[in-house]
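Visitor: need a structure here:
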Amino acid sequence: MNSGHNGWRPPRSVAALSPEFPHHFTLKSRVLTGWVRRLHPWSRPLSPSPRTPQIPRISGICYCDTARIFLTGRIFRHSRVDELLEVQTNPFPCILISIRSVLIEGSHRDRAMTPLRFQSLLKRIRWGGSRLGSVLQKPIGDEGDYAESWEFSDYGVDQSVVNGGPFDGKALGEIVSEFGTDLFGRHAGLDQSPLLVKFLDASDRLSVQVHPDDTLAELFSPGENGKTESWVIIDAEPGAVIYAGLKPGVDSVQLQEHLADGTVEECIHTIPVKAGDCVLIPAGTVHAIGEGILLAEVQQMSNITFRLHDWGRVGADGQPRELHITESLKCIDFTRGPISPVTPRPIVEFREDFDATYETVELINCPYFVLHRHRGSAPFAPVTRDRFHALMVLDGAGYLACGEDSFALEKGQSILVPAVSDPAQIVPDGEITVLDAFLPAHYAIPNRSSGHTSSADV
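Guide: Presented below is the predicted three-dimensional model:
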């Protein structure tokens, strides 16, 4: 960072700035007296783009407890961000201070990015069915093997493409590259959208499989992420189950013996599931989705899968499908044990306003993503506004109001709300249930090579 003067001198009084610097914000922090020369949003320089202007020069006086600073240009509309300020004190040299909790005032609509609706990427796999069309209204064909609908994907050639609006026709990867700061907010700096969001219809059970963590994924396929995933059950036939985790005491030797005997099911913990249940599957967990289940899936942006057991089935060519025993055994965390459905944690307690009700629960809060479930008939908004939100309608209908725009929401539809957007509110038509996926505040940006494996038929 350049701490020199570069020919610039602060004016003698704040009053002299008023006509020229109409936009302001207030810093609520104990800071040093001095001249503030430059603001770096997200603690990093920004690359110029049509929606990301050059870093504005700012001037003002920092008081001991509160500082009012006037800007030549517009700034981000987030109400809580970490800002890195270069403070020049006289006669002392420039120093760096970190100021937290910045309250930004004023209107900055020119910085707002519209919510993004994408075309669904439909995947046909042998275990799929028809409920992506009949229940979730996806545009499937007459075949009965539609298994997955990828709602938000930035995975190699599997790119979600915007459907409508100012970004119509753009791939998610392009938006990340050109408008990543606006899209990710406090997580600016990501070179790939971090979440792969899907709907799955399992008319037949999936193979028993395991996914590597970040370290092993990089070892097996440089540039690949690990795969921690989560499932929220939308519908389940009577008796439907999920296989998640090994039973207590099962070690590598026992598992291999059961694999050889074809009795691996005896080693795996089985969970009866119903609509509304949520299960977190950390990387390294042996698992399988049973037949008769329709679910929403949120996971790391990864598609690396190792097949441990395939229930004795054969592929379309009449031959047994490939197994990955060696790789699976290397990935399995034998210390984890059985996995159970999560216990929802109330975020917004059940509330009744006149004839309308609303509640928000936290389903998952792990290092890779946070899942909230909003349910009610009263309007509501995502809890955090300094990061993107991937919204999936699990039931009901309504619309998303964002500034002057509105977007219809029906069961099976998804929409991505960027970090830098107008305030968004979901208005139910009757009652609606929305799954809200976003990054934890202290999400660690991956450090990886380039490259991805191809999609896997699991």
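
Visitor: quick one, phi/psi of Asp178?
Guide: Careful, residue 178 is Glu; it's not Asp. When read as degrees, to the nearest 10, the backbone of Glu178 gives phi -90, psi -30.

Visitor: And for it, the neighbour number?
Guide: Glu178: 17 surrounding residues under other CB atoms under 10 Å. (Each C-beta comes from the backbone N, C-alpha and C, glycine too.)

Visitor: again with Arg321
Guide: Arg321: 15 surrounding residues under other CB under 10 Å.

Visitor: Was I right to think it contacts His309?
Guide: No. Applying CB atoms under 8 Å, one finds Arg321 not in contact with His309, separated by 10.5 Å.

Visitor: Now for those two: what residues contact both?
Guide: Ser207 (CB atoms under 8 Å, 6 or more residues apart in numbering).

Visitor: Quick one: mean pLDDT over the helix or strand where Gln254 lies.
Guide: Using DSSP states H and E, Gln254 sits in helix 252-261. For helix 252-261, mean pLDDT is 96.

Visitor: Extract the CA atoms of stretch 186-198 and return them as PDB.
Guide: The C-alpha trace of stretch 186-198 is given here as PDB (Å, rounded to 0.1, in the frame of the first residue of the first chain):
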ATOM      1  CA  ARG A 186     -17.400  -9.900   2.700                       C
ATOM      2  CA  HIS A 187     -16.000 -13.000   1.000                       C
ATOM      3  CA  ALA A 188     -14.700 -11.100  -2.100                       C
ATOM      4  CA  GLY A 189     -11.600 -12.800  -3.400                       C
ATOM      5  CA  LEU A 190     -13.200 -16.100  -4.300                       C
ATOM      6  CA  ASP A 191     -12.400 -17.300  -7.800                       C
ATOM      7  CA  GLN A 192     -15.200 -19.800  -7.900                       C
ATOM      8  CA  SER A 193     -18.700 -19.800  -6.500                       C
ATOM      9  CA  PRO A 194     -18.300 -22.000  -3.300                       C
ATOM     10  CA  LEU A 195     -21.600 -23.800  -3.200                       C
ATOM     11  CA  LEU A 196     -23.200 -26.300  -5.500                       C
ATOM     12  CA  VAL A 197     -27.000 -26.300  -4.900                       C
ATOM     13  CA  LYS A 198     -29.200 -29.100  -6.300                       C
END
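
Visitor: Pull out the buried positions in that stretch.
Guide: Residues 186-188, 190, 192-198 are the ones in stretch 186-198 that count as buried (16 or more other CB atoms under 10 Å).

Visitor: show me what contacts the nearest residue to Ser193 once chain neighbours are set aside?
Guide: Nearest non-adjacent residue to Ser193, counting by CB to CB, 6 or more residues apart in numbering: Asp154, 3.7 Å away. Counting by CB under 8 Å, 6+ apart, Asp154 makes contact with 160, 171-173, 176, 192-193, 196, 301.

Visitor: For beta bridges, what are the partners of the nearest residue to Met301 once chain neighbours are set aside?
Guide: Distances taken as CB to CB, 6+ apart put Leu196 closest to Met301, at 4.8 Å, once the chain neighbours are dropped. Beta bridges link Leu196 to Gln299, judged by DSSP bridges.

Visitor: Next, find the distance separating Leu196 from Lys330.
Guide: The spacing between Leu196 and Lys330, counted by CB to CB, to the nearest Å, is 23 Å.

Visitor: Quick one: residues contacting Ala444.
Guide: Pro367.

Visitor: now it: how far from Arg186?
Guide: 13 Å.

Visitor: Repeat that for Arg387.
Guide: Arg387 sits at a distance of 6 Å from Arg186 (criterion: CB to CB).

Visitor: which residues are common contacts for the two?
Guide: Common contact partners of Arg387 and Arg186 (CB under 8 Å, 6+ apart): 419, 441.

Visitor: Flag the shaky bits of the protein, pLDDT-wise.
Guide: For the chain, the stretches with pLDDT under 70 are 1-111, 350-355, 383, 447-458.

Visitor: Domain parsing of it, as residue ranges.
Guide: Domain ranges of the chain: 15-111, 121-331, 345-438, per automatic domain parsing.

Visitor: Reformat these as JSON lines; add distance to Gly337.
Guide: Putting the domains of the chain into JSON lines (distance: least, CB to CB, whole Å) gives the following:
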{"stretch": "domain 15-111", "distance to Gly337": "38"}
{"stretch": "domain 121-331", "distance to Gly337": "6"}
{"stretch": "domain 345-438", "distance to Gly337": "17"}
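
Visitor: For whatever helix or strand Glu174 lives in, output the C-alpha coordinates as CSV.
Guide: Secondary structure from DSSP H and E places Glu174 in helix 172-184. Extracted in CSV, the C-alpha atoms of helix 172-184 (Å, rounded to 0.1, in the frame of the first residue of the first chain):
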residue,chain,number,x,y,z
LEU,A,172,-22.1,-18.1,-13.1
GLY,A,173,-18.4,-18.4,-13.6
GLU,A,174,-18.4,-15.2,-15.7
ILE,A,175,-20.3,-13.3,-13.0
VAL,A,176,-17.8,-14.5,-10.4
SER,A,177,-14.9,-13.3,-12.6
GLU,A,178,-16.4,-9.9,-13.5
PHE,A,179,-18.5,-9.0,-10.5
GLY,A,180,-17.2,-11.2,-7.7
THR,A,181,-16.9,-8.3,-5.2
ASP,A,182,-20.6,-7.4,-5.6
LEU,A,183,-21.7,-11.0,-5.6
PHE,A,184,-19.7,-12.2,-2.5
